[in-house]
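1. Sequence unavailable; structure follows:
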């Protein structure tokens, strides 16, 4: 897929930044956006970051975001936000939850929005479902199908206690693509030999080579990024074509 993603509003500390409660919308939207972009690219999708951090005001922020989005031919525009208005400071044991907006029932983004709501609800949040809005600037003016995701409420204690950036991003990515990034194995088998970065084992027949593969990528840029991380960690690594 080809996807535009942006975090809503200006960055924190600037005019026209997002809602503030137990957490800050502008900060968390950017964390979720960055994490989701990394996952989508790892899965082989083309992603454009259309976030605007320091516009002159609300209207300028929206105009700049839409201009960035419309500069690309994509399958989907995704706007990441966090909601407010629950005013549940003490916590009532229930989440106010998540919702997603699309322009209208004819929008090709509706199916994606429905799946994102289901995926986020799978984390334990109440699903407020998909809603329609012809008044939201981004939905009205982007040329590609667009959805606006309200991850959860910044002023609901229960929402914030449940919220986790990594899990939220994974749910959004899964809702959009139906794919999950495979996590690295954290607990190797007790019988496996453990080798420190840069260490070479010398046990066995030196004429016999055993290859250790850490990933296979359809996009060369993703392979280059993985190679760079391995070398930075001290591993001697090369890229080979399958």
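-> Thanks, I have the structure now. Not measured: the values here are computed from a predicted model. Numbers count the residues shown, from 1 in each chain.
2. May I have the strands that pair with the helix or strand residue 80 falls within, each with its orientation?
-> When elements are assigned from DSSP states H and E, residue 80 belongs to strand 76-83. In the sheet, strand 76-83 lines up against strand 2-7 (parallel), strand 146-153 (parallel) (DSSP bridges).
3. just those: most buried one?
-> strand 146-153 (a mean of 27; mean count of other C-beta atoms under 10 Å). Just so you know, the C-beta spots here come from the backbone N, C-alpha and C atoms, and that holds for glycine as well.
4. In this structure, what residue spans correspond to strands?
-> Secondary structure of the chain by DSSP state E: the strands cover 2-7, 46-49, 76-83, 98-102, 127-132, 146-153.
5. Of all these, which one comes closest to residue 138?
-> The closest of the strands of the chain to residue 138 is strand 76-83. By C-beta to C-beta, the value is 5.2 Å.
6. Could you give the bridge partners of the closest residue to residue 131 other than its chain neighbours?
-> Computed as C-beta to C-beta, 6 or more residues apart in numbering, the closest residue to residue 131 that is not its neighbour in sequence is residue 101, at 5.2 Å. Residue 101 forms beta bridges with residue 131, residue 148, as assigned by DSSP bridges.
7. on that earlier part again, got TSV for the strands of the chain, with mean pLDDT and distance to residue 17 too?
-> TSV is the format used below for those (pLDDT from 0 to 100; distance: least, C-beta to C-beta, whole Å):
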stretch	mean pLDDT	distance to residue 17
strand 2-7	98	11
strand 46-49	98	18
strand 76-83	98	12
strand 98-102	98	20
strand 127-132	98	24
strand 146-153	98	16
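8. Dump these into a markdown table; add distance to residue 39 as well.
-> A markdown table is the format used below for the strands of the chain (distance: least, C-beta to C-beta, whole Å):
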| stretch | distance to residue 39 |
| --- | --- |
| strand 2-7 | 11 |
| strand 46-49 | 9 |
| strand 76-83 | 13 |
| strand 98-102 | 18 |
| strand 127-132 | 21 |
| strand 146-153 | 15 |
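9. For residue 24, which of the strands paired with strand 76-83 is the nearest?
-> strand 2-7 (11.3 Å).
10. By mean pLDDT, flag the weakest helix or strand of this protein.
-> The weakest-scoring helix or strand in the chain, judged by mean pLDDT, DSSP states H and E, is helix 220-232 (a mean of 69).
11. before we move on, the earlier item: can you check which of the strands of the chain gets nearest to residue 160?
-> Nearest of the strands of the chain to residue 160, taken as C-beta to C-beta: strand 146-153 at 7.5 Å.
12. Could you check the angle that closest one makes with strand 127-132?
-> Angle of strand 146-153 versus strand 127-132, following axes from the mean of the first three to the mean of the last three C-alpha atoms, to 10 degrees, is 150 degrees.
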